[in-house]
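Novice: Would you be able to build a 3D model of this:
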Amino acid sequence: MQFSFIDKGLRSIKRLLPLLFAISFATVLLLDNLTPVTAQLSPSPLGEIRGVWLTNNDFDILSDRTKLQDTIAQLHRLNFNTIYPVVWNDGYTKYPSAVAQKAGIPFYFKGREGQDIIADIVTQSRSQGVLAIPWFEFGFMAPLTSELASNHPDWLTQKQDGTQTSISAAGEVAWLNPFHPEVQKFITDLVLEIITQYNADGIQFDDHMSLPVDFGYDKYTINLYTQETGSPPPPNPHAQAWKQWRIDKITAFMLQLNQAVKARKPNAVFSVSPNYYDFAYKYQLQDWLNWVRLGVVDELIVQLYRNDLESFNGKLTTPELIETQQLIPTGIGIMAGLRNRPVSMQQIQSQVRAAQQRGLGVTFFYYESLWDYAQEPVAQRQAGFQELFPNPVVRDTSQFIARKPSFNTITVPLYTKGSVGQRVRGYFMEVSVAGGQPKRVLLDTGSAGLRVPQEFLGNAPINRTGQIIKEVLNDGTVLEGELVYTTMRIGFISTDEPVPVQIVTSRQCLPQKPNCSAKNGTPFSGIIGVNYSEKAVPYNPLRKLPGNLSNGLIVSGNGGSKNNGSLIIGLTANNREGFQMVSLSPQPAIDGLPGNRWDSQLNGVCVTISGSSMKNTCNSKMVADTGTSSGFTEIKSASLMGKLKPGKLRPENAVKVTIPGVFDYSLTPGNRDGFNLWNISISAKAENPVVVNSGIAFFDKYDVLFDPVNGQQGFKSRS
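Specialist: I've put the predicted structure just below:
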């Protein structure tokens, strides 16, 4: 939470943390640089958030059963519907925790009668119809002098200069390493303990479920980053690749934490209360918008603690906030006052009404400041809140069910090298199979189905069929192995259900193509075939991605450079712009194969090869194929060959392949790293007079779109 203070009565237990409101407030204002857009939305159908945080400053109330009962009853009368009691603060729990004791933290806060404070809050809130969502305030923070930090120094991370602490609104704090598996287990166990022990309505995390951008230079993280990327972290903590790696690691943990909570209690509210997005992403490595899109967050409350109404209003209309409130209950954290800094009722009402006009709920920091520290009389303050919330709004937790990711489209990098083995050229994308570590497999637009070696698999459930299947690749490689069903993940996005996968245990070359990729026992890098003209199971696994992500893809090459290309998954009106479209021919349905099938061979392609009899032959077919390093033409009749012999084309055999008005592709055959290799062959068994496989070099000059819904393929020049 942006503002956290230790109650004076606790000084004998822990030191009083310094008051840093002014510093934090100024920092937020200096970084207030996002451009707003205007919008007005209706309140969430799951109920307008009317909440308040119960902090350490409210400990006198929390520890007294009678005062607590009166407090919750009063909030209920004023039509508040949610309270967020602190359960993890300053390295201690507010409840008896076996997890904390195991970590060497013997102390916990309890009530004046020795009662379990959190149990009391949950019970009394439930009896009043008010949601009680425990607040995991300190997140990855802990005082350097705490038992947690002292007992587990290897759990802490640090800055590049070795500094282990930072100055926050909660004082000087150390940071637990969010990338360390033991830290992740400790946090997960604490959260699950809260959810289970109290049957709480949910759990809330705030801006401390993050890491300041300057941290991450501890030995463990340096080794992990170096192992995964091949290079040590750069000295600049804002270097994009290094920053994104840490952001993605925290996102991955939050995704796992959400899944663990939902497995324990499916309708638990997974709430997050961060800073505004630009600040959270750049300086706290907290990509909460991605969390929302991934379905991790059930409720969002953005902290906007500022006195200036214009600045406050500007943050209510940011694109990420508007997007979020269309998906989940969304609110604004409003400062109700501090002990030495009261906030007027006029300011509170103006901010609440501004939020309500935009369909946003509100949560106040913190309870005692609602009326106890104010300049106005208590009765006047309470009447002011009654004006803001004249009617009750009930929040029903049964409506908080798991959400699928809300992405319309995602972009993932295409690498020039695979995880194992190395072809002459290729585009490789990272996928995780059966919960395994991400591996780079060859992206193949000329075949269909996911085919990986056994060692790529993780420990997730696998449904084995016992069926041994074979797949023959264009270069003559025969892949053999069992057909199984298991999950596949691209980045953070998993398939909706298990997909068919060939576990390749044997590779060999066809006798007529002895120089295939299996020659000399070269390791198999895996293949993800994303063609929509499947002939049998396994099918293109992208068909089973959630929502709009299953409706097509765009391959964008790297121009023949050593840079990464990209794969855009999920077609939208925006990313379809500029493509010239060609219709595909429908194919009969196949049992067990979802969606429509299409003949991926384009009709009416014109082919000209210098030195041959093929002069603008426009009855050809073409396949746009990333799985083939060199392009080739297969012709049925030797008469088209002219004086050429089958085999590799020479520089004088310039190639031109066109569809008028769609693309005009030409190259001079050569030998440069597969970029412009080209072959020609005769096959009396060919189904068509001329078939062209453009090979990977085509994608260096054109972005290619695959639309399985409408049966179209699109082309856009990259020049």
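Novice: For Asn564, see how far away the nearest residue to Ser630 once chain neighbours are set aside is.
Specialist: Of all residues not flanking Ser630 in the chain, Leu677 sits nearest, at 3.4 Å (C-beta to C-beta, 6 or more residues apart in numbering). (C-beta placed from N, C-alpha, C; glycine too.) Going from Leu677 to Asn564 by C-beta to C-beta, to the nearest Å gives 22 Å.
Novice: Settle it for me: which of the two has more neighbours?
Specialist: Leu677 (23 against 16; other C-beta atoms under 10 Å).
Novice: Next, the contact list for Thr628, please.
Specialist: Neighbour list for Thr628: Gly446, Asn474, Asp475, Asn693, Gly695, Ile696 [criterion: C-beta atoms under 8 Å, 6 or more residues apart in numbering].
Novice: pretty sure the last one contacts Phe632?
Specialist: No: with contact taken as C-beta atoms under 8 Å, Ile696 and Phe632 are classed as non-touching, separated by 11.9 Å.
Novice: which one of the two has more residues nearby?
Specialist: Ile696 (30 against 19).
Novice: Distance check, that one against Val623.
Specialist: According to C-beta to C-beta, Ile696 stands 12 Å off from Val623.
Novice: Likewise for Arg451?
Specialist: Taking C-beta to C-beta, one finds Arg451 at 19 Å from Val623.
Novice: and the two? which has more neighbours close in?
Specialist: Arg451 (25 against 22).
Novice: name the element the more buried one belongs to?
Specialist: According to DSSP states H and E, Arg451 maps onto strand 448-453.
Novice: for that strand, packing partners?
Specialist: Judged by 3 or more C-beta pairs under 8 Å, 6 or more residues apart in numbering; DSSP states H and E, strand 448-453 is in contact with strand 428-433, strand 439-444, strand 499-509, strand 527-530.
Novice: So which of the ones you listed has the densest surroundings on average?
Specialist: Mean neighbour count (mean count of other C-beta atoms under 10 Å) peaks for strand 527-530 among these, with a mean of 26.
Novice: pLDDT of that strand, averaged?
Specialist: For strand 527-530, the mean pLDDT works out to 97.
Novice: Partner strands of it, with direction?
Specialist: strand 439-444 (parallel), strand 448-453 (antiparallel) (DSSP bridges).
Novice: Need the CA coordinates for that strand. CSV is fine.
Specialist: Below are the C-alpha coordinates for strand 527-530, written out as CSV (Å, rounded to 0.1, in the frame of the first residue of the first chain):
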residue,chain,number,x,y,z
ILE,A,527,8.2,-28.6,-34.9
ILE,A,528,4.9,-26.6,-34.4
GLY,A,529,3.0,-27.0,-37.6
VAL,A,530,0.4,-24.1,-37.9
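Novice: Go ahead and name everything in contact with the helix ranked longest in the chain.
Specialist: Secondary structure of the chain per DSSP state H: the longest helix is helix 240-264. With C-beta under 8 Å, 6+ apart as the test, helix 240-264 has contacts from 178-179, 184, 187-188, 191-192, 195-196, 203, 209-211, 213, 216, 221, 225, 228-229, 233-234, 236-237, 268, 270, 281, 285-287, 290-291, 294-296, 402, 492.
Novice: Narrow those to those in helices?
Specialist: 184, 187-188, 191-192, 195-196, 221, 225, 228-229, 281, 290-291.
Novice: Redo these as a markdown table? Include neighbour count.
Specialist: Formatted as a markdown table, the ones in helices among the contacts of helix 240-264 follow (neighbours: other C-beta atoms under 10 Å):
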| residue | neighbour count |
| --- | --- |
| Gln184 | 19 |
| Ile187 | 21 |
| Thr188 | 16 |
| Val191 | 24 |
| Leu192 | 18 |
| Ile195 | 21 |
| Thr196 | 12 |
| Thr221 | 22 |
| Tyr225 | 22 |
| Glu228 | 12 |
| Thr229 | 12 |
| Tyr281 | 21 |
| Asn290 | 22 |
| Trp291 | 24 |
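Novice: how much space between Thr628 and Pro233?
Specialist: 38 Å.
Novice: Now do the domain split for the protein, please.
Specialist: Here the domain parsing of the chain from automatic domain parsing is 8-389, 410-578, 599-717.
Novice: got those as JSON lines, with distance to Asp396 columns?
Specialist: Converted to JSON lines, the domains of the chain look like this (distance: least, C-beta to C-beta, whole Å):
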{"stretch": "domain 8-389", "distance to Asp396": "7"}
{"stretch": "domain 410-578", "distance to Asp396": "25"}
{"stretch": "domain 599-717", "distance to Asp396": "36"}
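Novice: between the ones you listed, which gets nearest to Gly592?
Specialist: domain 410-578 (5.3 Å; C-beta to C-beta).
Novice: Determine how far the closest one lies from the middle of the whole chain.
Specialist: How far domain 410-578 lies from its chain's middle: 21 Å, per C-alpha atoms, centre = their mean, to the nearest Å.
Novice: end-to-end on that domain?
Specialist: For domain 410-578, the first-to-last residue distance is 19 Å (C-alpha to C-alpha, to the nearest Å).
Novice: got it, and stretch 90-103?
Specialist: End-to-end for stretch 90-103, by C-alpha to C-alpha: 15 Å.
Novice: Touching that stretch from outside, list them.
Specialist: Here stretch 90-103 makes contact (C-beta under 8 Å, 6+ apart) with 6, 14, 17, 56, 62, 85-88, 105, 107-110, 116-119, 138, 142-143, 146-149, 151-152, 170, 186, 189-190, 193-194, 197-198.
Novice: repeat for stretch 574-583
Specialist: 409, 554, 568, 602, 659, 661-663, 703, 705, 707, 711-716.
Novice: Show only the entries of those residues found in strands.
Specialist: Counting by DSSP state E, the contacts of stretch 574-583 place 554, 568, 602, 659, 663, 703, 705, 707, 712-716 in strands.
Novice: Go through those and name the one nearest Cys618.
Specialist: Nearest to Cys618, judged by C-beta to C-beta, of those is Ile659 at 8.9 Å.
Novice: Test of understanding: give the bridge partners of the closest one.
Specialist: Under the criterion used (DSSP bridges), Ile659 bridges to Phe663.
Novice: Thank you kindly, that will do.
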